[in-house]
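J.: build me a structure from this.
(one chain, ligands or ions: 3)
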Amino acid sequence: MGHHLDGKSSIVPLIDRLNKYPVGLPDSDKLRRILAILFTEDEAYIASRFPLTEATLPELVRATGWDSVRLQATLDTMADKGLVMDTAYGGKTFYLLMPGLIGFFEFSFMKQRQDLPVAELAQLMHEYLYGDPEQKMGREFFASKTPLTRSLPYEEHIPVSSQVATYESAREIVKRAGYGAIGMCYCRHKKEHLNDICKKGAPTKEICISLGTAAKFMVRRGFAEYRTTEQLLAVLDKARELRLTHITDNIRHKPSFICNCCSCCCELLGGVQQGFPMGVAKTNYTLQIDGESCLGCGLCQKACNVTALEAVAAENGKRKKRMTVLPDHCLGCGACIGACPSKSLSLIPASRPEIPEKKKDLFKAILKEKKRLTPFVLHGIKKKILRSIRMG
Ligand code: SF4
Ligand code: SF4
Ligand code: SF4
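T.: Numbering: from 1, shown residues only. Ligands and ions are numbered 1, 2, ... in the order given. Next comes the predicted model:
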């Protein structure tokens with residue numbers, strides 16, 4: 001690794017800090033250039049001093065050595081840029097350093113930014129994510145046993161004999177969230193700056209759904225706009241018309257987003273197609289094809305967002321081909337089913353690993369798998385001791 005190119009001395013400590021998260025950002029010259037664009041030197045310093053969990057202003061004053069007025073102003077700017085998330089509860093404001101992915105990489109393309117060289121940033125991010133022959137970022141994001149995200153099935157294609165749990169239904173997740181917002185698709189927006197567009201005609205604007213506390217933060221900081229439940233359900237309908245795959249947090253309790261993803265732009269589905277078929281958790285279903293009625297037309301293959309369908313020579317009949325499914329690749333999302341003219345496709349139940357209950361369970365599982373849990377445990381103990389000392 002060469003020396004940091006941009007003269008910001010806090011970039012390396014910032015990378016070290018980010019790499020304590022369940023999904024970090026493997027170091028490279030490209031990453032250093034990206035961070036030097038997104039963070040000022042002061043912001044990189046503040047971020048590098050962030051505790052592992054959310055912190056109050058007085059805690060951050062202690063961690064940084066800055067005075068509270070200057071620090072508060074910098075944290076405000078960082079929240080506007082999506083570098084930290086500020087949340088108020090119990091009469092206090094808590095600040096959390098955002099991870100890179102899913103985090104400030106996305107936020108940097110979720111509103112129009114005049115302060116960033118967006119075309120250069122899009123190119124750098126693309127090279128960072130896709131140009132590494134060792135796929136370091138791909139492995140960091142997709143190769144843990146417990147994936148960070150999961151796909152959701154189109155409810156209308158779930159077999160009637162199946163009991164549909166509420167956490168499996170995009171519509172129920174939206175209805176139960178209590179608050180929701182709509183925003184720009186980071187992947188498609190970034191792609192536009194690389195002079196490319198979505199081959200499915202999926203929109204860049206008003207397509208990514210955020211929910212609950214995350215949505216409130218995003219609305220407050222201009223990354224998304226509030227929408228009613230009915231309006232968000234209509235977005236799901238539109239996504240299904242375009243045969244997009246719904247993706248959410250790999251948790252049961254209060255997922256914070258539902259992305260509506262295509263094969264060509266989506267970085268999550270891109271990872272699945274580029275060597276990490278288990279990188280997005282599958283639904284509790286998989287695709288079944290009726291080989292007898294299949295016409296071999298290929299329309300389902302065109303609709304599939306993860307290249308999980310393969311044409312093989314047909315053994316009999318007038319058709320030359322018939323379609324088969326690659327079970328290791330199929331997410332069980334159901335996006336292809338409506339494309340079939342002969343109604344040869346259906347979802348059938350499949351056995352899958354347990355989905356973590358809450359975000360803290362998901363993060364704990366990934367941290368454990370990556371052997372990064374100890375610093376979090378020690379941080380938790382330290383926080384408890386400090387709190388009891390302060391309370392006398
Ligand atoms: S994950 Fe999918 S919907 Fe979300 S930002 Fe990327 S392409 Fe858009
Ligand atoms: S083949 Fe599987 S992953 Fe592809 S669209 Fe159909 S259900 Fe989804
Ligand atoms: S869309 Fe239907 S008929 Fe056409 S190849 Fe796929 S399964 Fe066969």
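J.: around ligand 3, pick out the residues from the protein.
T.: Taking CB under 6 Å from any ligand atom, the part of the chain that reaches ligand 3 is made up of 289, 294-300, 323, 339-342, 344-345. Glycine gets a C-beta too; all of them are placed from N, C-alpha and C.
J.: can you give me the buried ones in the host helix or strand of Met218?
T.: In this assignment (DSSP states H and E), Met218 forms part of helix 212-220. Counting neighbours by 16 or more other CB atoms under 10 Å, one finds that the buried residues in helix 212-220 are 212-219.
J.: any bit of that helix sitting next to ligand 1?
T.: No: applying CB under 6 Å from any ligand atom, one finds that helix 212-220 is not in contact with ligand 1, the shortest distance being 12.8 Å.
J.: and that helix, what does it pack onto?
T.: Packing contacts for helix 212-220, counted by 3 or more CB pairs under 8 Å, 6 or more residues apart in numbering; DSSP states H and E, involve strand 84-89, strand 180-183, strand 224-227.
J.: Serialize those strands to JSON lines and add fields for mean pLDDT.
T.: Putting the helices and strands packed on helix 212-220 into JSON lines (pLDDT from 0 to 100) gives the following:
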{"stretch": "strand 84-89", "mean pLDDT": "96"}
{"stretch": "strand 180-183", "mean pLDDT": "98"}
{"stretch": "strand 224-227", "mean pLDDT": "98"}
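J.: can those strands go into a markdown table with extra columns for mean neighbour count?
T.: Output for those, formatted as a markdown table (neighbours: other CB atoms under 10 Å):
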| stretch | mean neighbour count |
| --- | --- |
| strand 84-89 | 17 |
| strand 180-183 | 24 |
| strand 224-227 | 18 |
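J.: any chance of those in JSON lines, plus distance to ligand 1?
T.: As requested, those are exported to JSON lines (distance: least, CB to the nearest ligand atom, whole Å):
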{"stretch": "strand 84-89", "distance to ligand 1": "17"}
{"stretch": "strand 180-183", "distance to ligand 1": "9"}
{"stretch": "strand 224-227", "distance to ligand 1": "12"}
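J.: the ones you listed into TSV, with extra columns for distance to Ile158?
T.: As requested, those are exported to TSV (distance: least, CB to CB, whole Å):
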stretch	distance to Ile158
strand 84-89	34
strand 180-183	22
strand 224-227	25
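J.: and of these, who's closest to Ile385?
T.: For these, the distance to Ile385 is smallest for strand 84-89, at 23.0 Å, taking CB to CB.
J.: tell me what the closest one is packed against?
T.: Taking 3+ CB pairs under 8 Å, 6+ apart as the contact definition, the neighbouring helices and strands of strand 84-89 are helix 68-80, strand 92-97, helix 212-220.
J.: circling back: Ala143 is nearest to which of the helices and strands packed on helix 212-220?
T.: Taking the helices and strands packed on helix 212-220 one by one with CB to CB, strand 84-89 is closest: 26.1 Å.
J.: check the offset of that closest one from the chain's centre.
T.: Computed by CA atoms, centre = their mean, to the nearest Å, the chain-centroid distance of strand 84-89 equals 19 Å.
J.: assign the spatially most central residue of the chain to helix, strand or coil.
T.: Centrality entry for the chain: nearest residue to the mean C-alpha point is Ile102, 4.7 Å, by CA atoms, centre = their mean. With DSSP: H, G, I helix; E, B strand; the rest coil as the basis, the three-state label of Ile102 is helix.
J.: quick check: nearest residue in space to it, chain neighbours excluded?
T.: In space, not counting the residues next to it along the chain, Ile102 is nearest to Leu148; the distance is 6.9 Å by CB to CB, 6 or more residues apart in numbering.
J.: that older thread, pLDDT and distance to Glu225 added to the buried residues of helix 212-220, as TSV?
T.: Below are those laid out as TSV (pLDDT from 0 to 100; distance: CB to CB, whole Å):
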residue	pLDDT	distance to Glu225
Gly212	97	16
Thr213	96	16
Ala214	96	14
Ala215	98	10
Lys216	97	12
Phe217	97	13
Met218	98	9
Val219	98	7
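J.: now, which of those residues sits nearest Thr40?
T.: Among these, and counting by CB to CB, the member closest to Thr40 is Phe217, at 21.2 Å.
J.: tell me the bridge partners for the closest residue to the closest one other than its chain neighbours.
T.: In space, not counting the residues next to it along the chain, Phe217 is nearest to Met85; the distance is 5.3 Å by CB to CB, 6+ apart. Counting by DSSP bridges, Met85 is bridged to Leu96.
J.: Provide a list of residues in contact with Met85.
T.: Met85 is in contact with 79, 95-96, 98, 214, 217, counting by CB atoms under 8 Å, 6 or more residues apart in numbering.
J.: can you tell me which two in these are farthest apart?
T.: With distances taken as CB to CB, the most widely separated pair in those is Tyr95 and Ala214, at 14.6 Å.
J.: now the closest residue to ligand 2 within the stretch 101-250 of the chain: phi and psi?
T.: Taking CB to the nearest ligand atom as the measure, the stretch 101-250 of the chain has Thr245 as its residue closest to ligand 2, at 6.1 Å. Main-chain dihedrals, Thr245, degrees, to the nearest 10: phi -100, psi 130.
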